[in-house]
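Novice: Only the shape, not the letters, is given here:
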Ligand code: OAD
């Protein structure tokens, strides 16, 4: 039977593609207030700013490419049963070739009506504006899970972590819950790896910390799990 590898990724995996992380120095949350652009309250207060923020993110995403870390994760599927759980709203795991991806915090290239009673539409890298509505006349919004909203995929993600032989945590500061709590669903005998250039607070025994950037860290991870 194939080994099951579950990957929990965050903004750090896309950093070497040129997308800023949130909490590093020079990160996005130094430039913007999270409560203005990434919370449901912010959307109700000033939806124009929120649309503009995600319009810019979409434009930027159209200019970047998956890096070697995304590609090495996709290649793990040749010999392993692999599930990627990502907090990222970019599509770089898909574009690198991963086939089973859970987007905990939504997807930049999709939109949905603000009452969430309608379809999810793929808009690629297009802009959306206030006044763009679905056929019922309901305003369309980014398909993003904002602070203050439920995380609909969290249970499915927890089930995947609970059945992993290997859990790889890569490029996340583990500051945001419930995503950060997923690692505690790992089996007692699961092998836990962490790839991050900084120390990250992981309260689990026997974590192998590969203290490196995502691309070079992934090379080392593959050497270690193939040995
Ligand atoms: P953070 O910005 O909080 O953390 C990024 C992590 O990536 C840090 O631990 C960095 O040390 C690490 N890092 C930086 N460069 C790296 C590199 N080249 N290779 C590997 N790691 C690197 O981002 P997240 O943990 O993903 O949610 O943030 C979680 C959530 O907070 C996001 O999904 C977003 C944000 O608010 C929403 O907006 C809802």
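Specialist: Cool, got the structure. Every value quoted in this text rests on a predicted model; they were computed, and no experiment measured them.

Novice: Next one: the nearest residue to residue 211 once chain neighbours are set aside from residue 170, what distance?
Specialist: In space, and not counting its chain neighbours, residue 211 is closest to residue 197: 6.2 Å by C-beta to C-beta, 6 or more residues apart in numbering. (C-beta placed from N, C-alpha, C; glycine too.) Distance of residue 197 to residue 170, computed by C-beta to C-beta, to the nearest Å: 11 Å.

Novice: Kindly report the same for residue 200.
Specialist: When residue 200 is compared with residue 170 (using C-beta to C-beta), they lie 10 Å apart.

Novice: which of the two has more neighbours?
Specialist: Taking neighbours as other C-beta atoms under 10 Å, residue 200 and residue 170 compare with residue 170 leading, 23 against 20.

Novice: So what sits opposite that one in the bridge?
Specialist: residue 9, residue 195 (DSSP bridges).

Novice: How about the longest helix seen in the chain and the ligand, any contact?
Specialist: Looking across the chain with DSSP state H, the single longest helix is helix 47-61. No: counting by C-beta under 6 Å from any ligand atom, the ligand is not contacted by helix 47-61; separation bottoms out at 10.1 Å.

Novice: buried sites along that helix?
Specialist: Buried residues in helix 47-61, counted by 16 or more other C-beta atoms under 10 Å: 50-51, 53-55, 57-58, 61.

Novice: quick revisit: need the overlap of contacts for residue 197 and residue 170.
Specialist: residue 12 (C-beta atoms under 8 Å, 6 or more residues apart in numbering).

Novice: Find the least confident helix or strand in the chain, judged by mean pLDDT.
Specialist: Least confident helix or strand of the chain, by mean pLDDT, DSSP states H and E, is helix 28-31 with a mean of 92.

Novice: That helix close to the ligand?
Specialist: No: contact of helix 28-31 with the ligand (C-beta under 6 Å from any ligand atom) is absent, the minimum separation being 6.8 Å.

Novice: Name the next helix or strand downstream of that helix, please.
Specialist: Sequence order places helix 34-37 as the next helix or strand after helix 28-31, per DSSP states H and E.

Novice: Name the residues that touch the helix or strand following that following helix?
Specialist: Counting by DSSP H and E, the next helix or strand C-terminal to helix 34-37 is helix 40-45. For helix 40-45, contacts defined as C-beta under 8 Å, 6+ apart pick out 35-36, 49-50, 114, 141, 146-149.

Novice: Can you select the buried ones from those in PyMOL?
Specialist: In PyMOL, the members of the contacts of helix 40-45 classed as buried (16+ other C-beta under 10 Å) are selected with the following command:
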select buried, resi 50+114+141+146
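
Novice: between the contacts of helix 40-45, which is nearest residue 180?
Specialist: Using C-beta to C-beta, residue 147 comes nearest to residue 180 of these, at 13.6 Å.
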